[in-house]
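[1] fold the following and give me the result.
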Amino acid sequence: MHESPLVRRGRGASSNVDGRFESSQRVDVDDGWQHAVESDTALRTRWRDDRARSVITRNDSPDLSFDRSINPYRGCEHGCVYCYARPSHAYLGHSPGLDFERLLYAKRGAAERLREELRRPAYVTRGGGIRPIALGVNTDAWQPLERELGITRAILEVLLEARHPVYLITKASLVERDLDLLAALAEQNLVIATITLTTLEHELARRLEPRATAPARRLRTISTLAAAGIPVRVSISPVIPALNEHEIEGLMAAAADAGAVGASAILLRLPHELSTLFPEWLDAHYPLRKSRVLKALRSVRGGALNDSGFGARFLGEGPRAALIRARFERAARQHRLAFGRQPFTLDTTRFRPPRPARENSQLELFEAG
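    Predicted coordinates:
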């Protein structure tokens with residue numbers, strides 16, 4: 001049972017117009033937190049319908065191993081202070097701080113729109129054929145609201161019907177709910193799951209990721225998925241110099257012991273408003289470390305807090321960044337964790353357009369009868 005701390009400090013209070021922090025609400029799920037903290041008032045997550053015409057987003061970034069993705073939600077209840085997707089909420093007229101984690105947008109028609117898009121002849125011809133879809137890259141597709149709405153599960157059902165390969169990334173134990181669909185995809189080499197594991201220190205995790213699944217529980221999720229035959233990677237991201245940097249080897253060892261077969265790591269990124277929000281968070285939680293952390297971050301970002309250039313934005317530059325990368329690769333080899341793009345190929349030859357929505361619903365009625 002998990003209940004986030006009463007006060008959310010370091011979530012944009014100084015930079016928000018009202019300058020106020022918010023309380024939080026109880027989340028009654030098995031996310032690995034054993035000691036609940038009582039709260040007098042609840043931060044109620046609010047959500048609105050996202051009526052986007054298309055559910056598949058395309059990109060041509062040389063840094064990414066995928067060119068198409070689906071995000072069932074906008075915003076994320078987990079409240080991870082480092083989330084690079086926070087600035088996207090500003091495009092909607094909301095705060096990248098508190099609004100990002102309390103005011104969400106849900107694509108309730110995502111599965112139906114996906115079915116329509118996969119049926120179009122242009123889907124196969126555009127971009128040179130079928131390539132894996134990444135699920136949940138700017139939001140966690142298994143965040144708490146998914147328990148109520150089930151949008152992600154419906155998307156997986158369409159992908160399985162179409163035999164479409166999918167990459168997924170999450171830090172939520174709720175992904176275990178969909179073990180049946182993921183196992184069926186894995187049998188056809190159509191899925192790779194990535195579990196984000198930022199720290200093994202529970203107090204740091206509570207502050208960095210206040211409503212995400214606890215570290216030990218995530219390791220159990222890795223074991224559960226691996227036992228079901230689903231290939232699992234661990235993402236020890238973001239690596240934050242002088243904060244969780246010392247945990248690289250321990251994170252890799254724990255993930256390998258849990259059954260992970262691959263690993264990845266990205267250095268902390270602070271695009272746009274995050275360059276203000278993250279220092280605020282350090283002020284609130286680690287004031288004595290703030291100067292050292294920011295100095296270390298600048299040392300891998302060419303003297304700045306962020307570098308948006310392709311290639312450098314994920315890996316950083318300079319001696320410290322090179323050492324971090326060398327430690328990661330050494331630990332990966334030691335624990336036989338594959339890294340890089342080549343070991344993680346999925347079958348792109350099985351695709352078949354899904355049935356029309358109307359035909360699909362009629363078949364379900366027939367089978368029910």
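[2] so for stretch 192-210, what's the average pLDDT?
    Mean pLDDT, computed over stretch 192-210, is 95.
[3] wait, residue 270 sits on residue 282?
    No. Between residue 270 and residue 282 there is no contact under Cβ atoms under 8 Å: 11.3 Å. C-beta: built from backbone N, CA, C; applies to glycine.
[4] quick one, which of the two is more surrounded?
    More crowded of residue 270 and residue 282, by other Cβ atoms under 10 Å: residue 270, with 24 against 21.
[5] check contacts around the more buried one.
    82, 278, 297, 305-306 (Cβ atoms under 8 Å, 6 or more residues apart in numbering).
[6] 10 Å instead, please
    With contact taken as Cβ atoms under 10 Å, 6 or more residues apart in numbering, residue 270 is in contact with 82, 84, 86-87, 238, 276-279, 294, 297, 301, 304-308.
[7] among these, name the buried ones.
    Among the contacts of residue 270, the ones that count as buried by 16 or more other Cβ atoms under 10 Å are 82, 84, 86-87, 238, 276-279, 294, 297, 301, 305-307.
[8] shared neighbours of residue 270 and residue 282, which are they?
    Counting by Cβ under 10 Å, 6+ apart, the common neighbours of residue 270 and residue 282 are residue 294.
[9] surely residue 178 is within a helix?
    Yes. Counting by DSSP: H, G, I helix; E, B strand; the rest coil, residue 178 is located in a helix.
[10] what about it, how many neighbours?
    A count of neighbours around residue 178, defined by other Cβ under 10 Å, yields 20.
[11] pull the helix or strand with minimum mean pLDDT from the chain.
    Least confident helix or strand of the chain, by mean pLDDT, DSSP states H and E, is strand 2-3 with a mean of 31.
[12] mind listing the strands for the protein?
    2-3, 26-27, 46-49, 57-58, 68-70, 73-74, 103-106, 133-135, 166-170, 191-196, 232-235, 262-264 (DSSP state E).
[13] confidence-wise, which of the ones you listed is weakest overall?
    What stands lowest among those, in mean pLDDT terms, is strand 2-3, with a mean of 31.
[14] among the buried ones among the contacts of residue 270, name the ones in helices.
    When those are checked against helices (DSSP state H), the matches are 276-279, 294, 297.
[15] does residue 273 really touch residue 86, like I thought?
    Yes. Judged on Cβ atoms under 10 Å, residue 273 makes contact with residue 86 at a distance of 6.5 Å.
[16] intersection of neighbour lists for those two?
    In terms of Cβ under 10 Å, 6+ apart, residue 273 and residue 86 are both contacted by the residues 12, 95-97, 100.
[17] adding distance to residue 250, write those out as CSV.
    Below are these laid out as CSV (distance: Cβ to Cβ, whole Å):
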residue, distance to residue 250
12, 31
95, 35
96, 31
97, 31
100, 30
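[18] which of those lies closest to residue 55?
    Distance to residue 55 across the shared contacts of residue 273 and residue 86 (Cβ to Cβ) is lowest for residue 100, with 20.6 Å.
[19] relative to residue 204, how far out is that closest one?
    Applying Cβ to Cβ, to the nearest Å, the value for residue 100 to residue 204 is 21 Å.
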